[in-house]
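Student: Provided below are the primary sequence and the corresponding predicted coordinates.
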Amino acid sequence: MKVLLAIFIFTLLLGSCTGQNPTKPLPKGIAIEPNFLNVDNATAKRIISQSKDLVIIDVRTPEEIALGKIGNALEMDIKSPDFKANLDKLDRNKQYLVYCHAGGRSANAMEIMKAMGFKQVYNLESGYRDWSDK
């Protein structure tokens with residue numbers, strides 16, 4: 001009997017230590033764990049398909065965006081003087097996917113968002129140049 005009880009307790013503890021899926025919607029009132037990750041195309045597509053509240057932000061210049069963008073991404077040029085002011089208008093508790101042409105500017109954008117108190121930001125590390133849905 002003691003062995004069964006020990007196995008049950010061990011199983012219960014083991015199950016409670018598994019990580020949360022960052023794209024699974026959380027019930028209202030639950031705090032979001034900070035999460036800042038560089039992601040590849042496959043992971044970005046999975047996040048886009050699974051997250052209902054994901055906001056995609058394209059941080060390229062208007063000239064670059066004119067050549068195409070991902071879905072209905074917000075257009076927020078990181079080189080614009082009002083970039084931080086525009087970020088300041090966004091809900092810090094939503095999930096964001098940021099991208100640029102090759103991943104450098106969007107990595108900077110993710111760091112800016114982290115410093116501003118955003119909770120979950122994913123950077124498309126290879127950028128739009130490698131996005132296969134063009």
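Tutor: Sure thing, it's come through. Numbers count the residues shown, from 1 in each chain.
Student: who's in contact with stretch 89-106?
Tutor: Stretch 89-106 has contacts (CB atoms under 8 Å, 6 or more residues apart in numbering) with 22-23, 32, 38-39, 44, 47-48, 51, 53-60, 64, 70, 73, 78-79, 109-110, 113, 116-129, 131. From N, CA and C alone the C-beta is placed, and that goes for glycine too.
Student: no, scratch that, I was asking about stretch 39-56
Tutor: With contacts defined as CB under 8 Å, 6+ apart, stretch 39-56 is touched by 22-25, 70-74, 90, 94-99, 122-126, 130-132.
Student: just the helices in this protein please.
Tutor: Along the chain, the stretches classed as helices by DSSP state H are 2-16, 41-50, 62-65, 83-88, 104-115.
Student: only C-alpha atoms, please: export stretch 103-122 in PDB.
Tutor: In PDB, the C-alpha atoms belonging to stretch 103-122 read as follows (Å, rounded to 0.1, in the frame of the first residue of the first chain):
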ATOM      1  CA  GLY A 103      16.000  38.800 -38.100                       C
ATOM      2  CA  GLY A 104      18.300  41.500 -36.700                       C
ATOM      3  CA  ARG A 105      16.000  44.400 -36.400                       C
ATOM      4  CA  SER A 106      13.200  42.200 -35.000                       C
ATOM      5  CA  ALA A 107      15.700  40.800 -32.400                       C
ATOM      6  CA  ASN A 108      16.300  44.500 -31.400                       C
ATOM      7  CA  ALA A 109      12.500  45.100 -31.300                       C
ATOM      8  CA  MET A 110      12.000  42.000 -29.100                       C
ATOM      9  CA  GLU A 111      14.600  43.400 -26.600                       C
ATOM     10  CA  ILE A 112      12.900  46.800 -26.700                       C
ATOM     11  CA  MET A 113       9.600  45.200 -26.000                       C
ATOM     12  CA  LYS A 114      11.100  43.100 -23.200                       C
ATOM     13  CA  ALA A 115      12.500  46.300 -21.600                       C
ATOM     14  CA  MET A 116       9.000  48.000 -21.900                       C
ATOM     15  CA  GLY A 117       7.400  45.200 -20.000                       C
ATOM     16  CA  PHE A 118       5.800  43.000 -22.700                       C
ATOM     17  CA  LYS A 119       5.300  39.400 -21.500                       C
ATOM     18  CA  GLN A 120       5.500  37.200 -24.600                       C
ATOM     19  CA  VAL A 121       7.500  38.100 -27.700                       C
ATOM     20  CA  TYR A 122       8.700  35.800 -30.400                       C
END
